[in-house]
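predicted structure and sequence below. I'll ask about it afterward.
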Amino acid sequence: MTDDGFFREVNEELRSDKAKAIWSRYGSLLIGAVVALVVGTAVFAFYEYWTEKQASQSGDQFLAALNLVRDGKNDEALKTLDQLEKDGYGAYPVLARMRAAGVIAQKGDLAGAVAAFDKVSADTSVPQSIRDLAKLRAALILVDTGSYDDVASRAEALAVDSNPMRHSAREVLGLAAWKAGRGADATKLFQQISDDQAAPANVRQFAETMLDLLKSTGATPAAAAG
């Protein structure tokens, strides 16, 4: 799935979200009093209207930015995303930051993109899953532009068995190790992916292809090639 495809799906989910938490707050007041019922309903209606309006406005702005990227107007897209980061509603500011980092990479400023992703991953106000994704995105860029240690400092913590992003993290680490001439490390990482039945089929297939490549080029130690 492309970046824009992913973000469009998230956008649609956010736009359809209903803020019902207020009912739990006022629910006890609604029982046994018609006036309280009317007031509670009015408050909910107003809150729902305001929430949906704010989400809709931010969603429209985000969609406009995606369309600008699609049309190759990256500078305009970045301006729109920057504004959304400042005054967007709900999850849109952090989505804007992530998409902006991707646009920066598309423009060829890979160091700037890594810095942008790193800034998101270091922000403790951002959900952990998004922070982890930002680390992975930065690591992926650094496979081509940085050292193995640069990649490992971002992806290694994501490669543990309990992390849902472990397959991608091991894939990125394996590629970085292969590039750095660390055949044994690359083999171990791709073997972990191949052996993991929970890994997506296409990821396992790629890992097996890399294992074959490592073996054919003599980069796989005999013991690891088993």
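Everything's here; your move.

and the gap between the residue positioned nearest the centre of the chain and Q205?
In the chain, the residue lying closest to the centroid (CA atoms, centre = their mean) is L133, at 4.0 Å. In this view, L133 and Q205 are 23 Å apart by CB to CB, to the nearest Å. Yep, even glycine has a C-beta here, placed from its N, CA and C like the rest.

also S121?
29 Å.

just I104 next, same as before
Distance of I104 to Q205, given as CB to CB: 31 Å.

who's more crowded, these two?
In terms of neighbours (other CB atoms under 10 Å), I104 is the more surrounded of I104 and Q205; the figures are 20 against 13.

and the helix or strand containing that one, average pLDDT?
When secondary structure is defined by DSSP states H and E, I104 falls within helix 92-106. For helix 92-106, the mean pLDDT works out to 92.

buried residues, it. List them.
Within helix 92-106, the residues scored as buried using 16 or more other CB atoms under 10 Å are 92-105.

next SSE after it?
helix 110-121.

what is that next one packed up against?
When contacts are defined as 3 or more CB pairs under 8 Å, 6 or more residues apart in numbering; DSSP states H and E, helix 110-121 packs onto helix 92-106, helix 128-145.

the first one: how far from the chain's middle?
In other words, helix 92-106. How far helix 92-106 lies from its chain's middle: 10 Å, per CA atoms, centre = their mean, to the nearest Å.

so which elements touch that helix?
By 3+ CB pairs under 8 Å, 6+ apart, helix 92-106 packs against helix 3-15, helix 34-70, helix 74-87, helix 110-121, helix 128-145.
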